[in-house]
Each structure stands twice: as C-alpha cells, then as structure tokens.
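Chemist: Below is the sequence, then the predicted model.
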Amino acid sequence: MHREPVTMANSMRGTSARWAKIRDAQKSRRLPCNLCGQPIDYSLKWPHPQSFSADHIRPYEHNPDLRLDPGNVQSSHLRCNQSKGDNQHYSAGMGSASQVF
Ligand SMILES: [Zn+2]
C-alpha cells in the first residue's frame, strides 16, 4: 500500500479509495510496463523507480471522470510514469528523487 503525495491526497480524499481499488485491480493483472514494454517486478514497493505505478492513459486534469475510469489505466514503472511529462502531481515534494530532463 502506498500513498499519493500529500498535495494530491488533500484534494482527492473522496476519490482516493475508489482509485485505490482501480489501481489494485490493475496491479493484480501483473502486466508489463505499457510505456517501455519491460516486465515490472511487482515485489518492489513505491517509491522504488522500477516499482508498479498505475498510469492514466489520458490526462484526467480536464476530465475528472477519467481518473476513476478503469479503461483509462495502464501498468507502468514508476520511473516511466514520472518521465512521461504530465507528472505535476509527482513533482511536488519529491525533489531529491526526481530528475530534470
Ligand atoms: Zn517502464
């Protein structure tokens, strides 16, 4: 069980439980990373860069419904997810762990 960064949890308290279900369901499928194609070691835990991260296929910032749409979720490495670009919800508070590309 890992947590969203605090900045997200504050505003997403109501949806976090539903998102956790969707994320866990996706995780249980044990799929390879959809961004780089490599297998994911599901024994690794967040915030390990190679750990599982549920990635939103389409950004949900303008479409809140997409955040809780199981069809909008894909498996990815945390590192791959963060390097996609739309990582504003990861960048805050993770200065030492993130890199500037
Ligand atoms: Zn990957």
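Modeler: Noted; the coordinates are in hand.

Chemist: What is the burial count for the closest residue to residue 15 other than its chain neighbours?
Modeler: Beyond its immediate neighbours in the sequence, the residue positioned closest to residue 15 (Cβ to Cβ, 6 or more residues apart in numbering) is residue 68, lying 6.1 Å away. All C-beta atoms are positioned from the backbone trio N, CA, C, and that covers glycine. Burial measure for residue 68: 14 neighbouring residues, criterion other Cβ atoms under 10 Å.

Chemist: Spit out the contact partners of residue 68.
Modeler: For residue 68, the set of contacting residues under the criterion of Cβ atoms under 8 Å, 6 or more residues apart in numbering consists of 15, 18, 19, 22.

Chemist: Quick one: classify the last one as helix, strand or coil.
Modeler: In other words, residue 22. helix (DSSP: H, G, I helix; E, B strand; the rest coil).

Chemist: so who does residue 34 touch?
Modeler: For residue 34, the set of contacting residues under the criterion of Cβ under 8 Å, 6+ apart consists of 55, 74, 75, 76.

Chemist: and which of these is nearest the ion?
Modeler: The closest of those to the ion turns out to be residue 76 (Cβ to the ion; 5.5 Å).

Chemist: quick one: the closest one and residue 56 touch, right?
Modeler: No - between residue 76 and residue 56 there is no contact under Cβ atoms under 8 Å: 9.8 Å.

Chemist: who's more crowded, these two?
Modeler: Neighbours were counted for residue 76 and for residue 56 using other Cβ under 10 Å; residue 76 has more, 25 against 18.

Chemist: Give the bridge partners for that one, please.
Modeler: residue 53 (DSSP bridges).
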